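**Student:** dropping the sequence and predicted coords here.
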Amino acid sequence: MKRVVCPGSFDPITFGHLDIIKRASSIFDEVVIAVLVNQTKKTLFTVEERISMIQEVTKEYSNVTVDSWSGLLVDYCKQNEIPMIVKGLRAVTDFDYELQMSQINLQLQGVETLFMSTAPAHSFLSSSLVKEIASFGGDVSSYIPAVLLDRLKSRLKSK
């Protein structure tokens, strides 16, 4: 069975993330979406909320599961017998950082990284940008699934 992990903060999950997940799910037998637990990173949604939202918007993919992790991603991969990481790349700036990470992950645990270029329609998109636009009342309906819009607006109002 070919398993792969698609890691990230997903705060919130965007159509860019979903593009990579959909494409990975058509290639691999199982795609594990691993939500980062990082106490030092200020997130809008809790890990549990992010997992729930991801499960909701990926339920059409029978080979996609959602989990969380903290620590080194390669350790998570080894513990869960996942030999490969899938990362979406938006621009050359992503590549510079992700190349370094892929090389160290390979050296540390023998975990490979597959880079997928993000679809051009989503190449500028990030969760941070979505939150910023939404915080100023901007329309983010073309960037995140409709079922998440009210949750995002409500959370931003309460902050």
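**Tutor:** Sure thing, it's come through.
**Student:** what does the pLDDT read for N38?
**Tutor:** pLDDT, N38: 83.
**Student:** pLDDT below threshold where in this structure?
**Tutor:** Applying pLDDT under 70 to the chain flags no residue at all.
**Student:** could you redo the last one with a cut-off of 90?
**Tutor:** The model of the chain has pLDDT under 90 over residues 1, 38-42, 90-97, 123-124, 157-159.
**Student:** helices of that one, start to end?
**Tutor:** Per DSSP state H, the chain carries helices over the ranges 15-27, 47-57, 73-79, 92-109, 127-135, 146-158.
**Student:** just put those in a markdown table and tack on mean neighbour count and distance to V64.
**Tutor:** From N, CA and C alone the C-beta is placed, and that goes for glycine too. Output for the helices of the chain, formatted as a markdown table (neighbours: other Cβ atoms under 10 Å; distance: least, Cβ to Cβ, whole Å):
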| stretch | mean neighbour count | distance to V64 |
| --- | --- | --- |
| helix 15-27 | 19 | 5 |
| helix 47-57 | 18 | 9 |
| helix 73-79 | 18 | 17 |
| helix 92-109 | 13 | 21 |
| helix 127-135 | 17 | 19 |
| helix 146-158 | 13 | 16 |
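**Student:** which one, of the ones you listed, ends up nearest to A119?
**Tutor:** Minimum separation from A119 across those (Cβ to Cβ) falls at helix 15-27, 4.9 Å.
**Student:** what's next to that closest one, contact-wise?
**Tutor:** 4, 6, 8, 10, 31, 33, 57-58, 61, 63-64, 86-88, 90, 116, 118-119, 121-123, 125-126, 142-145 (Cβ atoms under 8 Å, 6 or more residues apart in numbering).
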